[in-house]
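>>> Sequence first, predicted coordinates after that:
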Amino acid sequence: MSKMRRNKKVEYTIEMLEKMQSTQQVIDMYIEDIDENLNMVGVIGNNIKATIPRQEASSIVGDDGLVEERHIVNKKNKVIPVCIKEIIKNNDDTFELIMSKKMLEIKVRKWMYMHLKPGMRLKGVVVSTTEYAAFIDVGGGVTGILKLQDMSDSQLQNASDMFRVSQRVEVVVKKYDRDTGRIELSYKELLGTFEENIKKYHEGDIVDGIVRNRIKSGVFVELQPNLVGLAEHVNGIEYGQKVLVSIKRIIPDKKKIKLIIIG
């Protein structure tokens, strides 16, 4: 059992749980298993038995109206935030809980509908990466898209060049469509401007870089996230390769850096 699970072993009373149910308070649940019907089975607090039925696993469903398996199978042995949907009292004075991740997602979406706007900063977790974007859980299972061009001024070829799954990140809301719930995110605003990032570099410095793109006029080399310079072509250089460069010229008014690859 995970360290997080042990740290959350709270002694909940029935009165506490009833109040949490009425206020839709968020509570952590440790998922011990997933049954043949894709119901998530586990415990909360002081080993109170809890179940998340498949239909309560997410607010997102497939064409068949059911929550897709991919939203469920990766939750085993993890702690996830949920709300209490129902408290079942047994004849022997014990009780069981029916939990819902769907309720939490809807609750978060309602808050976002009322409050979310461009420029807001959100904390999130990377749930997946592709060649064109990273998908960030910004709370309660609500996912926003972070496209390559909004990650950095570097010309990345894959989101995994910058982010890894389960990485915690801070992002900025770029666009929010209230009709569809689509959230577009940005990251590069948090990496500093050209003027801020260039301060520690000087003409003649020899520094490490990463090759990010090749064009007719040269090779783009990333000196640090959101700071890129252009070097002349060198044979055998490939995308993602680490290189040693000399800073030939800094042109602040054009936000350009000219480099020479020396190794």
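Okay, I see it. Residues are numbered from 1 along each chain as shown.

>>> Report pLDDT for residue 192.
Note on residue 192: pLDDT of 90.

>>> residues in contact with the closest residue to it other than its chain neighbours?
What sits nearest to residue 192 in space, not counting adjacent residues and going by C-beta to C-beta, 6 or more residues apart in numbering, is residue 226, at 6.3 Å. (Glycine included, C-beta is placed from N, CA and C.) Residues in contact with residue 226, defined by C-beta atoms under 8 Å, 6 or more residues apart in numbering, are 152-154, 188, 191-192, 197.

>>> wouldn't residue 141 be in contact with residue 103 here?
No. Using C-beta atoms under 8 Å, residue 141 makes no contact with residue 103, being 10.7 Å away.

>>> When those two are compared, which one has more neighbours?
residue 141 (22 against 18; other C-beta atoms under 10 Å).

>>> Regarding the more buried one, what is its secondary structure?
Three-state assignment for residue 141 (DSSP: H, G, I helix; E, B strand; the rest coil): coil.

>>> ok so, going back, neighbour-wise, which one of the contacts of residue 226 leads?
Going by other C-beta under 10 Å, residue 154 tops the contacts of residue 226 with 23 neighbours.

>>> wait, that one sits on residue 221?
No. If you go by C-beta under 8 Å, residue 154 and residue 221 don't touch, sitting 9.1 Å apart.

>>> Identify the contacts common to these two.
210, 212, 228.

>>> any idea where the helices of the stretch 1-150 of the chain begin and end?
With DSSP state H, counting those that start in this stretch, the ranges of helices along the stretch 1-150 of the chain come out as 3-7, 14-22, 101-115.

>>> list the helices and strands the longest one packs on?
Spelled out, it's helix 101-115. If contacts are counted by 3 or more C-beta pairs under 8 Å, 6 or more residues apart in numbering; DSSP states H and E, helix 101-115 sits against strand 79-89.

>>> What residues of the strand it packs on count as buried?
Neighbour counts over strand 79-89 (16 or more other C-beta atoms under 10 Å) mark 79-80, 82-85 as buried.

>>> so which of the residues you listed comes closest to residue 34?
For those, the residue nearest residue 34 by C-beta to C-beta is residue 80; the value is 12.1 Å.

>>> For the closest one, which non-adjacent residue is closest in space?
Once flanking residues are discounted, residue 80 sits nearest to residue 29: 6.0 Å by C-beta to C-beta, 6+ apart.

>>> same thing with residue 231?
residue 259 (3.9 Å).

>>> Pull the number of nearby residues for the one you found.
23.

>>> quick one: strands adjacent to whichever strand or helix holds it?
Secondary structure assigned from DSSP states H and E places residue 259 in strand 256-261. Strand 256-261 has its sheet partners listed here by DSSP bridges as strand 227-231 (parallel), strand 242-251 (antiparallel).

>>> Okay, buried residues for the last one please.
Read that as strand 242-251. For strand 242-251, using 16+ other C-beta under 10 Å, the buried residues are 243, 245-247, 250.

>>> okay if I get the residues you listed as CSV plus distance to residue 50 and pLDDT?
Putting these into CSV (distance: C-beta to C-beta, whole Å; pLDDT from 0 to 100) gives the following:
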residue, distance to residue 50, pLDDT
243, 53, 95
245, 56, 96
246, 61, 96
247, 58, 95
250, 59, 96
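
>>> And the furthest pair within these?
Greatest spacing in these, by C-beta to C-beta: 243 and 250 (18.2 Å).

>>> State the pLDDT value of residue 212.
pLDDT for residue 212: 92.

>>> what's the neighbour count on residue 63?
For residue 63, using other C-beta under 10 Å, the count is 6.

>>> ok, so what distance separates it from residue 150?
30 Å (C-beta to C-beta, to the nearest Å).

>>> Kindly report the same for residue 84.
37 Å.

>>> returning to what we had before: inside helices: which ones of the contacts of residue 226?
residue 197 (DSSP state H).

>>> from the contacts of residue 226, which single one is nearest residue 11?
Among those, and counting by C-beta to C-beta, the member closest to residue 11 is residue 191, at 44.2 Å.
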